[in-house]
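> Structure here, sequence nowhere to be found:
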């Protein structure tokens, strides 16, 4: 178990050998009571720049399968950002609530999330408040949108056509000097920690990373604006699998086909031509993704 208190008794040793120690600081956005000070300015607005909104979102669930499991906690933090400079300007408001899933929470989920049956008993999400947080169709950002979006869309079908971005997949963390992508690690490796007791605290921790690493936020927004494509090598025979792997194709066990993601329709057409050269690719399919349908369950 991590030690909660800072070891003050080690000050003399730290002064003598500072190279042997690293200091961690609590993320300021997660200080107790910070929500009482919203809206909170992070950067000054520049006159004339285009202003957009985003909502950072996190869910806790009873399991991994959105068609069988339920959301038991929803955390949302709405921010204002500069579309021109791609930086977060302010943290405006937050929403965090539990919901009773109508069945016992598995013990492994309770141990992972620290959410118990008693905490969710009789609780329900305020659908009007959730809709108000998403007024104006802001970009929804999650650290694993492929997980959070299917659960959110199933629980709130009237809000299932929003645009989503993923800070896990749409940021090149390697280029930013990170050897991992877990949210806690991204903060710890930069000298910051937080106590993740509620979903909205995870959202605040993600906003902090986007604030101190503005290039990460810029990457995310730029990628969300792009149209990307997936080429499905439908009908490919078994004997071409090695050629597909060498070309960068991956196997989708659920759909039972090889695929490759490419950045444009032009590149997708080039892939189709390449597939025609190794087998009769008349059944090959190009799927087009934007922020509106990316990370949706197919």
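Looks like it arrived, so ask away. All values derive from a computational prediction rather than experimental measurement.

> going forward, measure contacts between C-alpha atoms and count neighbours the same way
OK.

> what's the neighbour count on residue 6?
By the measure other Cα atoms under 10 Å, the count of residues near residue 6 is 9.

> And for residue 203?
27.

> Give me the mean pLDDT for the helix or strand containing it.
Assigned by DSSP states H and E, residue 203 falls within helix 199-212. Mean pLDDT, helix 199-212: 97.

> Please name every helix or strand in contact with the helix or strand following it.
For helix 199-212, the following helix or strand on the C-terminal side (DSSP H and E) is helix 214-225. Using 3 or more Cα pairs under 8 Å, 6 or more residues apart in numbering; DSSP states H and E, the elements in contact with helix 214-225 are strand 87-98, strand 164-166, helix 199-212.

> what lines up beside the next helix or strand after helix 214-225 in the sheet?
Using DSSP H and E, the next helix or strand after helix 214-225 towards the C-terminus is strand 228-232. According to DSSP bridges, strand 228-232 forms sheet pairs with strand 257-262 (antiparallel), strand 285-289 (antiparallel).

> tell me which residues in whichever helix or strand comes after strand 228-232 are buried?
As assigned by DSSP H and E, the chain's next helix or strand after strand 228-232 is helix 241-247. In terms of neighbour count (16 or more other Cα atoms under 10 Å), helix 241-247 has its buried residues at residue 244.

> can you map out the helices along the stretch 1-150 of the chain?
Remark: helices assigned in the stretch 1-150 of the chain by DSSP state H, counting those that start in this stretch are 11-16, 107-113, 117-120, 127-133, 145-155.

> Out of the ones you listed, which is closest to residue 73?
Closest of the helices of the stretch 1-150 of the chain to residue 73 is helix 117-120, at 8.4 Å (criterion: Cα to Cα).

> What average pLDDT does that closest one get?
98.

> circling back: tabulate the strands paired with strand 228-232 (CSV), appending mean pLDDT, distance to residue 236 and mean neighbour count.
Below are the strands paired with strand 228-232 laid out as CSV (pLDDT from 0 to 100; distance: least, Cα to Cα, whole Å; neighbours: other Cα atoms under 10 Å):
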stretch, mean pLDDT, distance to residue 236, mean neighbour count
strand 257-262, 97, 8, 19
strand 285-289, 97, 12, 16
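
> Turn those strands into a markdown table, including distance to residue 269.
Conversion of the strands paired with strand 228-232 to a markdown table gives the following (distance: least, Cα to Cα, whole Å):
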| stretch | distance to residue 269 |
| --- | --- |
| strand 257-262 | 10 |
| strand 285-289 | 8 |
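
> Could you list the low-confidence segments of the stretch 1-150 of the chain?
Applying pLDDT under 70 to the stretch 1-150 of the chain picks out residues 1-4.

> And the strands in it?
25-26, 40-41, 51-61, 71-82, 87-98, 139-142 (DSSP state E, counting those that start in this stretch).

> Quick one: residues in contact with the first one.
Where contact means Cα atoms under 8 Å, 6 or more residues apart in numbering, the residues beyond strand 25-26 that reach it are 191-194.

> ok so, going back, could I get the strands of the stretch 1-150 of the chain in TSV, plus columns for mean neighbour count and distance to residue 160?
Shown next, in TSV, are those (neighbours: other Cα atoms under 10 Å; distance: least, Cα to Cα, whole Å):
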stretch	mean neighbour count	distance to residue 160
strand 25-26	14	35
strand 40-41	15	29
strand 51-61	23	14
strand 71-82	23	15
strand 87-98	21	18
strand 139-142	24	11
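
> check contacts around residue 182.
Under the contact definition (Cα under 8 Å, 6+ apart), the residues listed for residue 182 are residue 168.
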